[in-house]
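Engineer: take a look and give me a structure for this.
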Amino acid sequence: MDFLPGYLLIRDAEYESFTQSVKEMIPNGEDKYYPILVNYSSDFYALKVSEGKENGIFLIEHDADGPTKIHHSFEDFLRTIIACYKGKIYFLDDDGYLDMDFDEEQLIGQKYNPDIDYWFED
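Structural biologist: So this is what the prediction gives:
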């Protein structure tokens, strides 16, 4: 079952292989990315750690040039998700699958992440 529309929480048994996948997608650099969620194409939401400090939540996609920052912190990530669930922006469709209102999610993202470019792209 999805945690966010299209994204699943990573299970213990899969974590090592998904961590390796992230390393292969971002081969160079001293930063570490810890995957949190995965979609059906093996794209990830990941926590970035630089010099031992949290540096935000990033979207890591196969077809992107590099990681995209979507939240400054894990707390901002959770605040955004909670607001989307409370506002029924994430909802179960008629077939019982988790779906979302993309426009409303963007507005919530802008509210809780006002200086993150990702939420202001068309």
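
Engineer: packing partners of the worst-scoring helix or strand of the chain on mean pLDDT?
Structural biologist: Taking mean pLDDT, DSSP states H and E as the measure, the chain has helix 12-25 as its least confident helix or strand, at a mean of 92. In terms of contacts (3 or more C-beta pairs under 8 Å, 6 or more residues apart in numbering; DSSP states H and E), helix 12-25 is packed against strand 32-39, strand 44-50. The way it works is simple: take the backbone N, C-alpha and C, and place the C-beta from them, glycine included.

Engineer: hmm, 10 Å instead?
Structural biologist: Other elements packing on helix 12-25 under the criterion 3 or more C-beta pairs under 10 Å, 6 or more residues apart in numbering; DSSP states H and E are strand 32-39, strand 44-50, strand 53-60.

Engineer: can you list those in a markdown table and add distance to Phe18?
Structural biologist: Shown next, in a markdown table, are the helices and strands packed on helix 12-25 (distance: least, C-beta to C-beta, whole Å):
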| stretch | distance to Phe18 |
| --- | --- |
| strand 32-39 | 5 |
| strand 44-50 | 7 |
| strand 53-60 | 10 |
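
Engineer: what phi and what psi does the backbone show at the closest residue to Cys84 other than its chain neighbours?
Structural biologist: The shortest distance from Cys84 to any non-neighbouring residue, by C-beta to C-beta, 6 or more residues apart in numbering, is to Tyr90 (4.8 Å). As for Tyr90, its main-chain torsions (degrees, to the nearest 10) stand at phi -100, psi 130.

Engineer: who's Tyr90 bridged to?
Structural biologist: Judged by DSSP bridges, the bridge partners of Tyr90 are Met100.

Engineer: surely it meets Tyr97?
Structural biologist: No - using C-beta atoms under 10 Å, Tyr90 is not in contact with Tyr97; the gap is 11.1 Å.

Engineer: looking at those two, which is more packed in?
Structural biologist: A direct count of neighbours by other C-beta atoms under 10 Å for Tyr90 and Tyr97 places Tyr90 higher, at 21 against 12.

Engineer: report the outermost residue of the protein with respect to its centre.
Structural biologist: Most distant from the centre of the chain: Asp94, at 24.8 Å, with distances by C-alpha atoms, centre = their mean.
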